[in-house]
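Visitor: the following comprises the amino acid sequence and a computationally predicted model.
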Amino acid sequence: MRPEQDGAVPTAAEFALAKVGEVRDDPDARLALLRSLYAGPSGDGTTHLPYRRAAIAFVRWQLRRGLLGPPDGPRPGSPWWRAVNERLLRDGWEALALWDGYDPAGATASAFPSVEFISPGDRAAARPRSARADRSCAR
């Protein structure tokens, strides 16, 4: 992951919000963003996130049903399903940013359990980063 264009490093929450904001009204881009999440922070797939196939199948189902269309589009999607999908995307990207060392300030509580699912092949190696993020939020 990389800093913003101005050189400032966003918090994990800001990073995730920006990622999701870019695809909010583009259903196919939502699926692409989910796929890129599972490619890991460097895009090479070395970071393991379980449930990739299930998450992608779930979003494909949402797409087939037309649930993710933009609110002002010809076939508006469901506000509820759009929110569910957005939470899935945001939690995943926020957790990955937390795991990658981004500032946990303002992080959503629902992102922290997802950090435990991220591992570089060895679940024990992911725990210290997660614990560090949890301690930082407790301050």
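Guide: Yep, it's here.

Visitor: for the rest of this, base every contact and every neighbour count on C-alpha atoms.
Guide: OK.

Visitor: what residue is smack in the middle of the chain?
Guide: When CA atoms, centre = their mean is applied to the chain, the residue found nearest the centroid is W93 (2.2 Å).

Visitor: verify the contact between that one and L37 for me.
Guide: Yes. Using CA atoms under 8 Å, W93 makes contact with L37 at a distance of 6.5 Å.

Visitor: what sits against L31?
Guide: With contacts defined as CA atoms under 8 Å, 6 or more residues apart in numbering, L31 is in contact with I56, V59, R60.

Visitor: could you list the low-pLDDT ranges of the protein?
Guide: Of all residues in the chain, those with pLDDT under 70 make up the ranges 1-7, 40-50, 119-139.

Visitor: next secondary structure element downstream of the biggest helix by length in it?
Guide: For the chain, the helix with the greatest residue count under DSSP state H is helix 79-99. Secondary structure here is assigned by DSSP states H and E; on that basis, the next helix or strand after helix 79-99 toward the C-terminus is helix 112-115.

Visitor: so what's L63 up against?
Guide: Applying CA under 8 Å, 6+ apart to L63 gives the contacts P27, D28.

Visitor: element containing it, please.
Guide: helix 52-64.

Visitor: between that helix and helix 79-99, how many degrees?
Guide: Helix 52-64 and helix 79-99 are oriented at 150 degrees to each other (axes from the mean of the first three to the mean of the last three CA atoms, to 10 degrees).

Visitor: ok, G101 - how many residues close by?
Guide: Neighbour count for G101, taken as other CA atoms under 10 Å: 16.

Visitor: and it, its phi and psi?
Guide: Torsion angles at G101 (phi, psi; degrees, to the nearest 10) stand at phi 100, psi 10.

Visitor: next, the residue located most distally from the centre of the chain: secondary structure please.
Guide: Centroid-distance maximum for the chain: P74 at 27.5 Å, with CA atoms, centre = their mean. Here P74 is coil, with the state taken from DSSP: H, G, I helix; E, B strand; the rest coil.

Visitor: how far away is it from E14?
Guide: Going from P74 to E14 by CA to CA, to the nearest Å gives 30 Å.

Visitor: circling back: A32 versus the residue farthest from the centre of the chain, what's the distance?
Guide: In this structure, P74 lies at 22 Å from A32, with CA to CA as the measure.
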